[in-house]
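> need coordinates for the following:
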Amino acid sequence: MINDALSRPWLRKFTGDHNGKMPVVIVGTVRNRSHEHINVQTFVKDLERALINSGEVDFVASSEERGEIRDERKDQAAHSSEKTAKAEGEETGADFMLQGTINSIMDKLEGKEVVFYQVNLELVEIETHKKAWIGEKKIKKYVERARMKP
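Numbers count the residues shown, from 1 in each chain. Presented below is the predicted three-dimensional model:
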C-alpha cells in the first residue's frame, strides 16, 4: 500500500508546488473494525517505518508522542542550560494525515471458514481536507478447524 501511495500524483504535485520540499506526514487513527483482536499499534508502526524509510516524505510524531516530548521540553526549560534547552514553538506541522480502518468479513460454508480482511487507508491534506490518496488492500485467509472425533 505504501508503494502505491508513494507512486501516485499527489507526491509529485506537492513537491512541485513547494520547490521540491518533501511533504510532512502524520499517522492519525487507524481503527480495528474487524472481529479479531489486531494490534493496530504494530500496524501503524509498520506504516510509519515504510514511509520514513522511503525517503520520499518527512514524518512527525503522533499527538500522544508529542505530549511526552512537550513535557520533556518544559523540563529542559526549567533544568537544562540555556545553551542546550530546546525552544518552544519550533515544531514542524504536518501537511498530510494518514487515517484508516481494518475490517473483516467471515464466511462459513460446509464447515469451512474464510476470513476476508480489508485495510482502507486515506491520505488527507490537513489544510484543505482534500483526500490526496485512497488505498485498499484485501487479504483472504482460510481457517481450518480440526474436527472432533466421536
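
> please make it C-alpha for all contacts and neighbour counts, starting now.
Noted.

> quick one: the top helix by length along the chain to chain centroid distance?
What stands out as the longest helix in the chain, according to DSSP state H, is helix 63-79. Relative to the centre of its chain, helix 63-79 is centred 23 Å away, using Cα atoms, centre = their mean, to the nearest Å.

> and it, average pLDDT?
The predicted model assigns helix 63-79 a mean pLDDT of 91.

> how about stretch 1-8?
Per-residue scores along stretch 1-8 average to 92.

> same deal with stretch 86-106?
Mean predicted lDDT for stretch 86-106 stands at 93.

> end-to-end on that stretch?
Its first and final residues considered, stretch 86-106 spans 51 Å by Cα to Cα, to the nearest Å.

> run the chain-centre distance for it.
Centroid displacement of stretch 86-106 relative to its chain, using Cα atoms, centre = their mean, is 6 Å.

> report the buried residues of that stretch.
Of the residues in stretch 86-106, those with enough neighbours to count as buried (16 or more other Cα atoms under 10 Å) are 94-104.

> center of the chain - which residue?
The centre of the chain sits closest to residue 27, judged by Cα atoms, centre = their mean, with a distance of 3.8 Å.

> which residue, other than its chain neighbours, is closest to that one?
Excluding the flanking residues, the one nearest residue 27 by Cα to Cα, 6 or more residues apart in numbering is residue 98, at 4.7 Å.

> before we move on, the earlier item: out of the buried residues of stretch 86-106, which comes closest to residue 31?
Out of the buried residues of stretch 86-106, the one with the shortest distance to residue 31 is residue 101. That distance is 4.6 Å, counting by Cα to Cα.

> re the thing from before, who's in contact with the residue nearest to the centre of the chain?
44, 48, 62, 97-99 (Cα atoms under 8 Å, 6 or more residues apart in numbering).

> following whichever strand or helix holds it, which helix or strand comes up?
Secondary-structure assignment from DSSP states H and E places residue 27 in strand 24-33. Per DSSP H and E, the first helix or strand lying C-terminal to strand 24-33 is helix 40-54.

> for that next one, buried residues please.
Per 16+ other Cα under 10 Å, helix 40-54 contains these buried residues: 44, 47-48, 51.

> parallel or antiparallel, which strands does the next helix-or-strand element following it pair with?
Scanning the chain past helix 40-54 towards its C-terminal end, the next helix or strand to appear is strand 58-59 (assignment: DSSP H and E). Paired neighbours of strand 58-59 in the sheet (DSSP bridges): strand 24-33 (parallel).
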